[in-house]
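[1] Provide a 3D model corresponding to the input given below.
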Amino acid sequence: MRFTRRAAVAAAAGCTLVFAAAAEAVPMLSGSDAVQPKVAGNAVPVTLMRGLEKAPVAQGSDRMDGGTAANPYYGYDGDGPMVPAPGDLPTSTHLVEATKTEPDKNTYLVLHGQNGPDASYNYGTHFVFQGHEGGAPGFLSRINLDADGTHRVTLMASKDTNGDPLPDFDGSTWDPFAGRLLLTTESNAGPSVFQATLHYPSRVAPLDGVFGRGDYEGVQADSDGRIWLVEDSGGAFGTANPNAKQPNSFVYRFTPSNRGNLAAGGKLQALQVISLRSGNPIVLHNGKADQDITSPDRRDLHTYGKQFQTRWVTVHDTATDGAATFDANALAKARGATPFKRPENGVFRPGSGFRQFVFTETGDTSALSEAGAALGGYGALYKLSQSSPGASHGTLTMVYRGNEMHTGFDNVSFSSANTALVAEDAGDTLHTQRNAFDSLWAIRTDVNYGAPSAPAPTRVLYVGRDASATIDSGFSGMDGYQNEGDNEVTGIHVSDGDASIAGLLGVEVPHPWVPGSPWRVFFTAQHGDNDTWELIHN
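    Model prediction:
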């Protein structure tokens, strides 16, 4: 029996740690501790809101079941030691430590009959799949939550079906219609979307002429089998605004000709937003970065209370354009789609009938950005509303506008009908500028944050910086050094693991942290030790 909203409320009634707010059953949680200053040489612990604990599910030092010489560990490639030797310094031809694999978006599934390299071992039924954003080759891993240490993490694949090395992956999701994991890579240098089978060894196939090439990151399926994609493509810096970037990324929707076989092709569309001032589409002006960075339309897009009309424009259709490789970003610009400032991830608001799609915008990740908050320098959280997921038109509103302490918005996942858990990737430059590392925020989609009395987002956790990332920060900027000197909250994922079409994320309202609930919450502290955790109620 699926854990329904009614069941969640019933369970909550007997638990003193739960209260009802805005018709939702949620645990009695309070915000986490205040941020701690960034000090050279000092590690900073993860702090969580009262009522939550983090339970480790995989550590970067876990040796992978079926690992190779190139990909031996969950969080480290095989090209060096995990910690630099005393006195060792990097050069252009010498690595002082292994390249960090940077496990990224988590996808949790409850499955039966999963196999692995050890044919005699029972791998259990609860799994977290991940692509990895760093290292070479890239790879797909599976955390076996029911397994012992030796079998805890499985290397599922490091080559595609053509025998080519896998790229670094950023996004992942489960497509129950095609029965495939979908993996995205934030690079248009090669195929940008791949589909992968679940069983070991996974067959990972590129979908190059289907989705084209773009800096795809966020990926999500809707109730009709369409695939929604969110792109993270950094634009040019302005001349008059040298610390602000031109909006250069798009939100896409792919309608397959056969939802059970994505390789058969379909129609790729990009979102177009209509200006409140001119009535024309808000588009990119080639060679005029400053004009786009400071445009009145850009200010309107980051002003509370404004509502924009939207429509979808076709970028590519395999039925008429064929299946040759194409540049999705370039075609979106040519077709008059509306660029955003790095909208990295998006999900459907649960219980909305897939009529509301919420997506993040990262912004410039610099306190020096001339755009500031008013022009999107710190990004935003947006909501696209339509009469149905396949509707041609809709409306766009801003839910929350970022600021210096709430910015770099990246991964997003709902923990209730109206609570979006939004992870930061502010970057180490902004960490230094604001003297604070990344946080995971709870932002309500039913709150008017533009009102004078509006509450601030609630900090669910402050990721701090582990000892390994602290060591890495000391090497940052040195010639030949390849790893990041901070931790990033990534892979925030709330799911009950239901792999059926009826269990598609967005159908039911999540109820994690309620006794008896199958909903689980995972996140990764990327870089440094590269550990993945489950957030549990204590």
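[2] bridging residues for residue 536?
    For residue 536, the beta-bridge partners are residue 53 (DSSP bridges).
[3] next one, pLDDT for it please.
    What the model reports as pLDDT for residue 536 is 97.
[4] check contacts around it.
    Residues counted as contacts of residue 536 (C-beta atoms under 8 Å, 6 or more residues apart in numbering) are 52-55, 513, 521. Every C-beta, even on glycine, is put in place using the N, C-alpha and C of the backbone.
[5] which of these are buried?
    Buried members of the contacts of residue 536, scored by 16 or more other C-beta atoms under 10 Å, are 52, 54, 513, 521.
[6] is residue 337 in a helix, a strand, or coil?
    coil (DSSP: H, G, I helix; E, B strand; the rest coil).
[7] quick one: mean pLDDT for the host helix or strand of residue 422?
    In the assignment (DSSP states H and E), residue 422 maps to strand 419-424. What strand 419-424 shows for mean pLDDT is 98.
[8] check the buried ones among the contacts of residue 536 and tell me the two furthest apart.
    54 and 513 (12.7 Å; C-beta to C-beta).
[9] center of this structure - which residue?
    residue 411 (3.2 Å; C-alpha atoms, centre = their mean).
[10] what residues of the lengthiest strand in the chain count as buried?
    In the chain, with assignment by DSSP state E, the single longest strand is strand 307-317. By neighbour count on 16+ other C-beta under 10 Å, the buried set for strand 307-317 is 308, 310-313, 315-316.
[11] again with stretch 507-523
    507-514, 517, 519-523.
[12] and if you look at stretch 262-272?
    Neighbour-count burial for stretch 262-272 [16+ other C-beta under 10 Å]: 262-263, 265-272.
[13] pLDDT of that stretch, averaged?
    For stretch 262-272, the per-residue pLDDT averages 98.
[14] check stretch 80-99 too.
    When pLDDT is averaged along stretch 80-99, the result is 96.
[15] distance between that stretch and the chain's centre?
    Relative to its chain's centre, stretch 80-99 lies at 30 Å (C-alpha atoms, centre = their mean, to the nearest Å).
[16] measure it end to end?
    End-to-end distance for stretch 80-99, by C-alpha to C-alpha, to the nearest Å: 7 Å.
[17] before we move on, what about stretch 227-246?
    End-to-end distance for stretch 227-246: 26 Å, by C-alpha to C-alpha.
[18] chain center to it, what's the gap?
    The answer for stretch 227-246 is 18 Å, by C-alpha atoms, centre = their mean.
[19] list the buried ones in it?
    Of the residues in stretch 227-246, 227-235, 237-238, 241, 244-246 count as buried by neighbour count, 16+ other C-beta under 10 Å.
[20] and if you look at stretch 468-479?
    Result for stretch 468-479 [16+ other C-beta under 10 Å]: buried residues 468-473, 475.
[21] and the gap between residue 411 and residue 346?
    Note on residue 411: its distance to residue 346, by C-beta to C-beta, to the nearest Å, is 10 Å.
[22] overlap in contacts, these two.
    Overlap of the contact sets of residue 411 and residue 346 (by C-beta under 8 Å, 6+ apart) consists of residue 360.
[23] one step back: which ones among the buried residues of stretch 227-246 lie within strands?
    Reading strands off these with DSSP E, I get 227-231.
[24] columns pLDDT and distance to residue 297 on top of these, output as JSON lines?
    Putting these into JSON lines (pLDDT from 0 to 100; distance: C-beta to C-beta, whole Å) gives the following:
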{"residue": "227", "pLDDT": "98", "distance to residue 297": "28"}
{"residue": "228", "pLDDT": "98", "distance to residue 297": "23"}
{"residue": "229", "pLDDT": "98", "distance to residue 297": "23"}
{"residue": "230", "pLDDT": "98", "distance to residue 297": "20"}
{"residue": "231", "pLDDT": "97", "distance to residue 297": "19"}
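[25] could you list the low-pLDDT ranges of the stretch 251-400 of the chain?
    For the stretch 251-400 of the chain, no stretch has pLDDT under 70.
[26] strands along that one, start to end?
    Assigned by DSSP state E, counting those that start in this stretch, the strands in the stretch 251-400 of the chain fall at 251-256, 266-273, 307-317, 346-348, 356-361, 380-386, 393-401.
[27] continuing past the last one, what's the next helix or strand?
    On the C-terminal side of strand 393-401, the closest following helix or strand by DSSP H and E is strand 409-414.
[28] which neighbouring elements make contact with that following strand?
    When contacts are defined as 3 or more C-beta pairs under 8 Å, 6 or more residues apart in numbering; DSSP states H and E, strand 409-414 sits against strand 346-348, strand 356-361, strand 380-386, strand 419-424, strand 488-495.
[29] swap the cut-off to 6 Å and go again
    strand 419-424, strand 488-495 (3 or more C-beta pairs under 6 Å, 6 or more residues apart in numbering; DSSP states H and E).
[30] kindly export that strand (C-alpha atoms) in PDB.
    Extracted in PDB, the C-alpha atoms of strand 409-414 (Å, rounded to 0.1, in the frame of the first residue of the first chain):
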ATOM      1  CA  PHE A 409      20.600  27.900  -6.300                       C
ATOM      2  CA  ASP A 410      21.100  24.400  -7.900                       C
ATOM      3  CA  ASN A 411      19.400  21.100  -6.900                       C
ATOM      4  CA  VAL A 412      15.800  21.300  -5.800                       C
ATOM      5  CA  SER A 413      13.400  18.700  -4.400                       C
ATOM      6  CA  PHE A 414      10.000  19.000  -2.600                       C
END
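[31] need the contact partners of it.
    Defining contact as C-beta atoms under 6 Å, 6 or more residues apart in numbering, one finds that strand 409-414 is touched by 344-345, 347, 350, 360, 362, 379, 420-423, 425, 490, 492-494, 510.
[32] count of neighbours near the residue nearest to residue 501 when sequence neighbours are not counted?
    In space, and not counting its chain neighbours, residue 501 is closest to residue 176: 4.6 Å by C-beta to C-beta, 6 or more residues apart in numbering. Residue 176: 18 surrounding residues under other C-beta atoms under 10 Å.
[33] if I look at residue 176, how far off is residue 521?
    21 Å.
[34] tell me the SS of residue 162?
    coil.
[35] whoops, I mixed them up, residue 472
    Per three-state DSSP, residue 472 ends up helix.
[36] close enough to count as contact, it and residue 485?
    Yes. With contact defined as C-beta atoms under 6 Å, residue 472 counts as touching residue 485 (4.5 Å).
[37] with adjacent residues omitted, what lies nearest to residue 428?
    Spatial nearest neighbour of residue 428, chain neighbours left out: residue 486 (4.5 Å); criterion: C-beta to C-beta, 6+ apart.
[38] you'd agree the one you found is in a helix?
    No. Going by three-state DSSP, the assignment for residue 486 is coil, not a helix.
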